[in-house]
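Enquirer: Below is the sequence, then the predicted model.
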Amino acid sequence: MSQSPSSSSAAQVAKNLPLLEHPDGSPIRALVVDDEAMLAELVGVGLRMIGWDVRQAGDGPSALDTARRFLPDVLVLDIMMPGFDGLEVLSRIRRTQPEVPCLFLTAKDAVDDRIEGLAAGADDYVTKPFSMEEVMIRLHRLVQRSGVAAADDAELVVGDLVLNQDTREVTRGGEEIQLTATQFDLLRYLMENPRRVVSKAQILDNVWKYDFGGQANIVELYISYLRKKIDVGRDPMIHTVRGAGYVIKPAV
């Protein structure tokens, strides 16, 4: 693994990720299964940093036993381990918890292995060695999408992009992004309409609140500002739909 979750970068990610919990206030439950006890513990430390309740197991049978008692909200599974492999563990857990999201964390990095894991029902796949920060963000995103966590009306979330309407803070992948007031309002409008194409006229009406007449190119200018801050050096989230407008969606 590239870094310990006790590193300052992992701590910074944990600080910037929105707290996820059940509607009753109880913590998200994560089951981490790996026959390398030290690795499982490191992953557990990282997830506890973001406030989750974590259980660990080192083989297939103990993973199933723990899952029956613990009822995890998310799974982190190695593929190769004693008893039976992670693919079988996922299959058996899904018989009683069909919607539980799963991330495979494994040394098997061939394309065929990835396809096999995803075909088995995994929601994500990370190979060893890995970045703990990336694992934390990916699992946080899986839980957000699963719907088990209480919704926070103050926050808009699209992929790994988070906008807090109360604090006016924006982060992507846990990294803080500084925006001007107008850039923030534009991003908020796009994130209020994820995966939906919005026209320049709609943007002008909702962000600038009045008609710019022939100056609709102001939208293009501010979209370019946002792209430089949101997308540069990362997989793009803001897309132009020729002749129609713009759309924001999670990076592929």
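Expert: Sure thing, it's come through.

Enquirer: Touching, Ala37 and Gly58? I think so.
Expert: Yes: at 6.1 Å, Ala37 counts as touching Gly58 under the criterion of C-beta atoms under 8 Å. C-beta coordinates here come from the backbone N, C-alpha and C atoms, glycine included.

Enquirer: Show me which of these two is the more surrounded one.
Expert: Gly58 (18 against 10; other C-beta atoms under 10 Å).

Enquirer: How many residues are close by the residue nearest to the more buried one when sequence neighbours are not counted?
Expert: Nearest in space to Gly58, with sequence neighbours left out and distances taken as C-beta to C-beta, 6 or more residues apart in numbering, is Asp35 at 4.9 Å. The tally of other residues near Asp35 (other C-beta under 10 Å) stands at 15.

Enquirer: With Asn164 instead?
Expert: Asn164: 15 surrounding residues under other C-beta under 10 Å.

Enquirer: how about it, what does it touch?
Expert: With contacts defined as C-beta atoms under 8 Å, 6 or more residues apart in numbering, Asn164 is in contact with Pro18, Ala154, Glu155, Val170.

Enquirer: For Met191, see how far away it is.
Expert: Applying C-beta to C-beta, to the nearest Å, the value for Asn164 to Met191 is 11 Å.

Enquirer: Who does Glu169 form a beta bridge with?
Expert: With DSSP bridges as the criterion, Glu169 is bridged to Asn164.

Enquirer: Show me the shaky parts of the stretch 51-200 of the chain.
Expert: Counting by pLDDT under 70, the stretch 51-200 of the chain has low-confidence residues at 108-120, 150-153.

Enquirer: Can you show me the strands along it?
Expert: Ranges of strands within the stretch 51-200 of the chain are 53-57, 74-77, 102-106, 124-127, 155-158, 161-164, 169-172, 175-177, based on DSSP state E, counting those that start in this stretch.
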